[in-house]
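> Okay, structure incoming, though there's no sequence with it:
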């Protein structure tokens, strides 16, 4: 059904079906090198948080906006687009998990790092740090057939032409079956939902005037639908970061 909606939306020239997602679920700390660079502790099991769908910005929609006073960081990730209802999936059901994925996309999970660090220090939620408008640039939808094995692809991100992140999904601590299983035991995944699978090392800041480019390669060949190119601009919103 979601695939039909996607096709109809594309034919009608409507907004990307990614924006029809009911929720965006993000896996945290799923690459050991990224855990080390932020001096975090390795989780004993997958943990996840939500980003609002209002943070999604698709190709051609405009820039990524940096709110006043925010230390804005990029985190490139492989996104799963769910194609069927998933509830209480067993962790060893590899086929069930992969069959539930209808397609893929490349996503840049933007983070207000100073807001997140303050939240961690004070035991507060991360919602503000992750939830601003335009804090989830995404590529076009990548057909499932283009990624035969999602655990053997290379993600990359550049800023102004300089490579900042480059890592293989085979380095994920928790692979897709375990991720989908753990999420589905807590909240039902529905067609159209998006799951972000974690980011490799190399995260860092961007400011107004920078241009981020990201993508995914399979066997060294870049997938055209997975390309992301988005400039960073200062937000005109009245929000300004201040200590909570």
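Sure, I can see it. All values reported here derive from a predicted model rather than from experimental measurement. Residues are numbered from 1 along each chain as shown.

> Pick out the least confidently modelled helix or strand of the protein, by mean pLDDT.
One helix or strand of the chain scores below all others by mean pLDDT, DSSP states H and E: helix 2-11, with a mean of 41.

> which element follows that one toward the C-terminus?
Next along the chain after helix 2-11, taking DSSP states H and E as the criterion, comes strand 24-28.

> which strands and helices sit next to that following strand?
strand 47-51, strand 194-196 (3 or more CB pairs under 8 Å, 6 or more residues apart in numbering; DSSP states H and E). Heads up, the C-betas are built off the backbone N, CA and C, glycines and all.

> what's the angle from the longest one to strand 24-28?
Spelled out, it's strand 47-51. Calculated by axes from the mean of the first three to the mean of the last three CA atoms, to 10 degrees, strand 47-51 forms an angle of 140 degrees with strand 24-28.

> re the thing from before, tell me the most buried of the helices and strands packed on strand 24-28?
Mean neighbour count (mean count of other CB atoms under 10 Å) peaks for strand 194-196 among those, with a mean of 26.

> Return the distance of that strand from the chain's centre.
The chain centre lies 6 Å from the centre of strand 194-196; the measure is CA atoms, centre = their mean, to the nearest Å.

> Okay, now the sheet partners of it, with direction.
Strand 194-196 has its sheet partners listed here by DSSP bridges as strand 24-28 (parallel), strand 76-82 (antiparallel).

> would you list the ones you listed in TSV and tack on mean pLDDT?
Shown next, in TSV, are those (pLDDT from 0 to 100):
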stretch	mean pLDDT
strand 24-28	94
strand 76-82	98
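
> Name the stretch among those strands that sits most buried.
Comparing the strands paired with strand 194-196 by mean neighbour count (mean count of other CB under 10 Å), strand 76-82 ranks first with a mean of 26.

> Mind listing residues that contact that strand?
The contact list for strand 76-82, computed with CB atoms under 8 Å, 6 or more residues apart in numbering, reads 2, 18, 21, 26, 100-109, 138, 141, 150, 153, 155-157, 165, 169, 176, 180, 189-200, 214, 216.

> so which of the strands paired with strand 194-196 gets nearest residue 119?
When the strands paired with strand 194-196 are compared by CB to CB, strand 24-28 sits nearest residue 119, at 12.7 Å.

> how far does the helix or strand just after the closest one sit from the chain's center?
Counting by DSSP H and E, the next helix or strand C-terminal to strand 24-28 is helix 32-37. Remark: helix 32-37 is offset 17 Å from the chain centroid, using CA atoms, centre = their mean.

> which outside residues touch helix 32-37?
With CB under 8 Å, 6+ apart as the test, helix 32-37 has contacts from 29, 41-42, 75, 167, 171, 173, 198-203.

> Which of those sits closest to residue 55?
residue 75 (12.9 Å).
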